[in-house]
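[1] Sequence first, predicted coordinates after that:
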Amino acid sequence: MSFNVPTIDISAYVEHRSEDERAAVAAALDVACAQVGFMQVVGHGVAPEIQAGLASTLDDFFGLPLEEKNQYRVPDSNRGYSPPKSESLSLSLGVESASRMNDFFEAFNIGAEARSFPHLALDERDYGINLWPSLPDFEDRVSRYFREAQRVARTLTTIFADALGAGPHFFDAITDHSIDVLRMNNYALPPGTDISLDGDLTGMGEHTDFGIVTVLWADRVAGLQVLDRDGLWHDVMPAEGALLVNLGDLTARITNDRWMSTLHRVKPPVVDGTIRRRRSVAFFHDGNADAVVSTLDSLLDLGDGLAYEPITVRDHVAAKLAGSRQGRKNLAAVREAGRVLAAGRRQA
Ligand SMILES: O=C(O)CCC(=O)C(=O)O
Ligand SMILES: [Fe+2]
């Protein structure tokens, strides 16, 4: 069967059109979430100039010298700058083991802060404090897109609730002070990188996203790959003007794996001895730190009859960030490990 990332037009929800039109969208989204876990979303209403403004901030920030970018590192926080895993210095030495550019993405993160919800006594450690580069209009351009991505994510969870028959307030109750993070990714090799030394050039290693849903803006440049149900990787590129959307692990838990938290990675093709620079921006909608995420009652009996244990978003995110794992084997870990192993067996 050929692999296809379905295109879902959400304008019926964005424009509050008729119940019948919205029901058709929810039905199409249900199939996409159950079969692929990735979608091209159109009709989202994010203005092209807001997307262009966002794209320009990546050029401005990642174009800075590394020393300057390093001033925006925030240790032990999901904020600020993360440099590529390998240092270009070791590359210049030509030492093979040191020269591997595995996971060569660099990133800059901002997100919702506890103080954005002054009426709630939230802990900054669950959210993080933004560090804005001192570049003209940077904060403004990024924030404008952030608010739009947040709106799209909330529209999506409204559709999720309809598609799952979960009741209109199911997602509101777990996302009204959501941990939302915007990760701006830059995939570019330092000038002079000898890619012939690099056996397995990986922009970003295979992973699933942690949260409820991810809204992904990306350049129309190859590199993103998605794992299908048969364990094969497929290249995925956004259509003109489309946003990619994928589900995270919390949605897999909520739906008892009826919907998929799909493995993906970034592996840019080498063309003429180099890779094309690629930018992407992932908006992660993870849910309230203190929300307890449980499988919907209606889906508890699905599949092997086992259920995910309820977990707070805080504990789930902490476990994922710690590279897993809580001492005892839980169903989530077993199922996720199974997916990764199956992929590894089928394809190098
Ligand atoms: O660069 C991409 O297209 C994917 C990025 C991604 O998967 C992530 O940031 O979690
Ligand atoms: Fe991802």
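    The structure has been received and is ready for your questions. Ligands and ions are numbered 1, 2, ... in the order given.
[2] Can you verify Tyr308 is assigned to a strand?
    No: the assignment for Tyr308, made by DSSP: H, G, I helix; E, B strand; the rest coil, is coil rather than a strand.
[3] Now do the same contact list for the closest residue to Gly287 other than its chain neighbours.
    The shortest distance from Gly287 to any residue other than its chain neighbours is 4.2 Å, reached at Val313 (CB to CB, 6 or more residues apart in numbering). C-beta: built from backbone N, CA, C; applies to glycine. By CB atoms under 8 Å, 6 or more residues apart in numbering, the contact set of Val313 is 174, 179, 211, 250, 286-291, 293.
[4] Redo those residues as a markdown table? Include secondary structure.
    Listed next are those as a markdown table, based on three-state DSSP:
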| residue | secondary structure |
| --- | --- |
| Ile174 | helix |
| Ile179 | strand |
| Gly211 | coil |
| Leu250 | helix |
| Asp286 | strand |
| Gly287 | strand |
| Asn288 | strand |
| Ala289 | coil |
| Asp290 | coil |
| Ala291 | coil |
| Val293 | strand |
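[5] Any quick ChimeraX command for the buried ones out of those residues?
    This is how ChimeraX selects the buried members of the contacts of Val313, with burial counted by 16 or more other CB atoms under 10 Å:
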select :174,179,211,250,286,287,288,289,291,293
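[6] Return the closest of the contacts of Val313 with respect to ligand 1.
    Using CB to the nearest ligand atom, Gly211 is the member of the contacts of Val313 that lies nearest ligand 1, at 10.2 Å.
[7] how close does that closest one get to Gln40?
    As judged by CB to CB, to the nearest Å, Gly211 and Gln40 stand 20 Å apart.
[8] could I get the contacts of Val313 as CSV with distance to ligand 1 and pLDDT?
    Below are the contacts of Val313 laid out as CSV (distance: CB to the nearest ligand atom, whole Å; pLDDT from 0 to 100):
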residue, distance to ligand 1, pLDDT
Ile174, 21, 97
Ile179, 15, 97
Gly211, 10, 97
Leu250, 14, 97
Asp286, 12, 97
Gly287, 16, 98
Asn288, 21, 97
Ala289, 20, 96
Asp290, 24, 96
Ala291, 21, 97
Val293, 19, 97
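[9] Dump the contacts of Val313 into CSV; add distance to Gly231 as well.
    Converted to CSV, the contacts of Val313 look like this (distance: CB to CB, whole Å):
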residue, distance to Gly231
Ile174, 32
Ile179, 31
Gly211, 24
Leu250, 23
Asp286, 27
Gly287, 29
Asn288, 34
Ala289, 34
Asp290, 37
Ala291, 33
Val293, 27
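[10] now His207: how far from ligand 1?
    Distance of His207 to ligand 1, computed by CB to the nearest ligand atom, to the nearest Å: 7 Å.
[11] go on, Leu189?
    Taking CB to the nearest ligand atom as the measure, Leu189 falls 15 Å from ligand 1.
[12] Might you report the residue contacts of that residue?
    Leu189 sits next to 101, 104, 195, 274-275 when contact means CB under 8 Å, 6+ apart.
[13] for Arg279, same thing?
    Shown in contact with Arg279 (CB under 8 Å, 6+ apart): 55, 58-59, 62, 184-187, 218-219.
[14] Could you rerun that using 10 Å?
    54-55, 57-59, 62, 184-188, 217-219, 221 (CB atoms under 10 Å, 6 or more residues apart in numbering).
[15] Ramachandran angles for it?
    Here is the backbone geometry of Arg279 (degrees, to the nearest 10): phi -120, psi 150.
[16] any idea how far ligand 1 is from it?
    Going from Arg279 to ligand 1 by CB to the nearest ligand atom gives 8 Å.
[17] my read: Glu19 touches Tyr13, true?
    No: using CB atoms under 10 Å, Glu19 makes no contact with Tyr13, being 11.0 Å away.
[18] Residues that sit against both of these two, list them.
    Residues touching both Glu19 and Tyr13 (CB under 10 Å, 6+ apart) are Asp162.
[19] Now flag whichever of the contacts of Arg279 is closest to Asp9.
    Nearest to Asp9 out of the contacts of Arg279 is Trp217 (CB to CB; 17.5 Å).
[20] Next, count neighbours for Asp20.
    Look at Asp20: counted by other CB atoms under 10 Å, it has 8 neighbours.
[21] Quick one: mean pLDDT over the helix or strand containing it.
    Element membership for Asp20 (DSSP states H and E) is helix 19-35. Summarised as a single mean, pLDDT over helix 19-35 is 98.
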